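> sequence isn't available, so here's the structure alone:
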């Protein structure tokens, strides 16, 4: 179903891969599935992709890729928040509050 474009299936597979539920953890493949659903407008996938990109960035070596991941994470977080996804709204508010300090 995920390969046929079912966004809920894409979200489910991405979540399983991100958490290592029933499969080895694979952040790159999780991001691919989250991105498929996120680019079709699924807010939960947008939020999950934003968090995955942000957390992956924090684990890797510093460099240009990290800056791009941070920007991409912020973009997907904003997309999810714009749809009213509660966790995205909360994270966005926290990031604004931390910026003001």
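That came through, no problem. Since the structure is predicted, the reported quantities are computational estimates derived from the model, not experimental observations.
> now the element after the helix or strand hosting residue 44, going C-ward?
Residue 44 belongs to helix 43-59 when elements are defined using DSSP states H and E. Using DSSP H and E, the next helix or strand after helix 43-59 towards the C-terminus is helix 64-82.
> and that next one, what's buried?
For helix 64-82, a neighbour-count test (16 or more other CB atoms under 10 Å) marks 66, 69, 72-73, 76-77, 79-81 as buried. Where you see a C-beta, it was placed from the backbone N, CA and C, and this is true even at glycine.
> and stretch 89-101, by the same measure?
The neighbour-count check on stretch 89-101 (16+ other CB under 10 Å) flags 89, 91-92 as buried.
> what does stretch 22-35 give?
For stretch 22-35, by 16+ other CB under 10 Å, it's 29-31, 33-35.
> what helices and strands are in contact with the helix-or-strand element of the chain with minimal mean pLDDT?
Averaged element by element with mean pLDDT, DSSP states H and E, the chain has its least confident helix or strand at helix 64-82 (a mean of 82). Packed against helix 64-82 by the contact rule (3 or more CB pairs under 8 Å, 6 or more residues apart in numbering; DSSP states H and E) you find helix 43-59, helix 86-100.
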